[in-house]
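Chemist: show me the folded form of this:
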Amino acid sequence: MTSILTYLVAILLYILIGWYFWRNTWNSQPSVDGEPGFVNLNWMHYMMLAPLALHAVTLYQSMFIGAGLSFGLGSAISAIVWLTAFIYWFSGFFNRLQGLQTLVAPIAAAAAIALVLPLVFPSVRPLENTELPAFRAHMLVAMMAYSLLTIAALHALLMIVVERHLHHPAAHSVLTNLPPLLAMEKLLFRIIWAGFILLTLTLLSGVVFSKEVFGQPLTFSHKTLFGFISWGVFAALLTGRQLYGWRGRIAIRWTLTGFVTLLLAYIGSKFVLEIVLNR
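Modeler: Presented below is the predicted three-dimensional model:
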């Protein structure tokens, strides 16, 4: 079993790094030429790898207990948050995303909380058919889709804050250090496109390989229903963007609606089955 010290060190590092990013982002000032001024946090960015690695260790040992794969509600949320944090951390190496380091703080805070969820909500029973390659591919693609669309939802929330700042200027420099709203919007749709492609592959693998992956033909369940509704919401958003130029608040509302529906599809189903119905 993973020692309690591993959990404590990982949580402490998440909190310290999140606090440091938050403090320095809020205290950074625009440069004299009017361009956003970014704090040099490269060394702290590399430090983020330490809690991510410790988090991965705790995940591995909570999921692989004995034979099979234990993937209950706590492990599922923890894995999605970890992958979200990892993708966001990795994307930070690209210069065009420098101004978005504001989100490191809330992501680090979420990861610190998610880290202990497998202890609070342990897996009831191991999953079946985890030895099948199709099942493993399905799970990996699904987790990546969830993570990218989580980042898209966080990005949309940040855009709401920026838009309000344009109408009601605040003193905090964190918002002046962000990229222009139009650039953030373009990045939002790039993230949504990537997440939508992975979500499509997730649903297709669930349909095409249902017999092999799940050991039974595709059944119409709560998870399936909300999964396809979420896919439809994101498909409508991307179609509206291409045909009608949807942007701004319309794009943000559709993004958040699709994300909430996606949460209901998998996390909601697990919560009802494992916590409410205890099975």
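Chemist: now the helices for the stretch 1-150 of the chain?
Modeler: Applying DSSP state H, counting those that start in this stretch to the stretch 1-150 of the chain gives helices spanning 4-27, 42-47, 49-63, 73-91, 104-115, 117-120, 133-167.
Chemist: how about CSV for the ones you listed, with mean pLDDT, mean neighbour count and distance to residue 221 added?
Modeler: C-beta: built from backbone N, CA, C; applies to glycine. What follows is these, written out as CSV (pLDDT from 0 to 100; neighbours: other Cβ atoms under 10 Å; distance: least, Cβ to Cβ, whole Å):
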stretch, mean pLDDT, mean neighbour count, distance to residue 221
helix 4-27, 84, 17, 34
helix 42-47, 75, 13, 41
helix 49-63, 90, 18, 23
helix 73-91, 88, 21, 16
helix 104-115, 89, 21, 25
helix 117-120, 88, 17, 24
helix 133-167, 86, 19, 15
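Chemist: same list, the ones you listed, but as a markdown table with distance to residue 264 please.
Modeler: Shown next, in a markdown table, are the helices of the stretch 1-150 of the chain (distance: least, Cβ to Cβ, whole Å):
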| stretch | distance to residue 264 |
| --- | --- |
| helix 4-27 | 27 |
| helix 42-47 | 34 |
| helix 49-63 | 23 |
| helix 73-91 | 14 |
| helix 104-115 | 18 |
| helix 117-120 | 18 |
| helix 133-167 | 12 |
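Chemist: residue 270 is nearest to which of these?
Modeler: Go through these one by one with Cβ to Cβ and the one that ends up closest to residue 270 is helix 73-91, at 4.4 Å.
Chemist: residues contacting that closest one, please?
Modeler: For helix 73-91, contacts defined as Cβ atoms under 8 Å, 6 or more residues apart in numbering pick out 45, 48-49, 52, 55-56, 58-59, 62-63, 71, 97, 103-104, 107-108, 110-111, 114-115, 117-123, 143-144, 146-148, 150-151, 266-267, 270-271, 274-275.
Chemist: and with 6 Å instead?
Modeler: Residues from elsewhere that reach helix 73-91 (Cβ atoms under 6 Å, 6 or more residues apart in numbering): 48, 52, 55, 59, 62-63, 97, 107, 110-111, 114, 117-118, 120-121, 123, 143, 146-147, 150-151, 270-271, 274.
Chemist: of all the helices of the stretch 1-150 of the chain, which one is nearest residue 243?
Modeler: Of all the helices of the stretch 1-150 of the chain, helix 133-167 comes closest under Cβ to Cβ, at 20.1 Å.
Chemist: tell me the angle the closest one makes with helix 104-115.
Modeler: Using axes from the mean of the first three to the mean of the last three Cα atoms, to 10 degrees, the interaxial angle of helix 133-167 with respect to helix 104-115 works out to 140 degrees.
Chemist: who does helix 133-167 touch, helix- and strand-wise?
Modeler: Contact here means 3 or more Cβ pairs under 6 Å, 6 or more residues apart in numbering; DSSP states H and E; on that basis helix 133-167 packs against helix 73-91, helix 181-208, helix 210-214, helix 248-263.
Chemist: what about the residue nearest to residue 264 when sequence neighbours are not counted, neighbour count?
Modeler: Using Cβ to Cβ, 6 or more residues apart in numbering and skipping residues adjacent in sequence, the residue nearest residue 264 is residue 226, 4.6 Å away. When counting by other Cβ atoms under 10 Å, one arrives at 19 neighbours for residue 226.
Chemist: now swap in residue 224 and tell me
Modeler: 17.
Chemist: same thing with the one 3 residues further on?
Modeler: The tally of other residues near residue 227 (other Cβ under 10 Å) stands at 22.
Chemist: pull the contacting residues for the closest residue to it other than its chain neighbours.
Modeler: Nearest in space to residue 227, with sequence neighbours left out and distances taken as Cβ to Cβ, 6+ apart, is residue 265 at 4.2 Å. Counting by Cβ under 6 Å, 6+ apart, residue 265 makes contact with 223, 226-227, 230.
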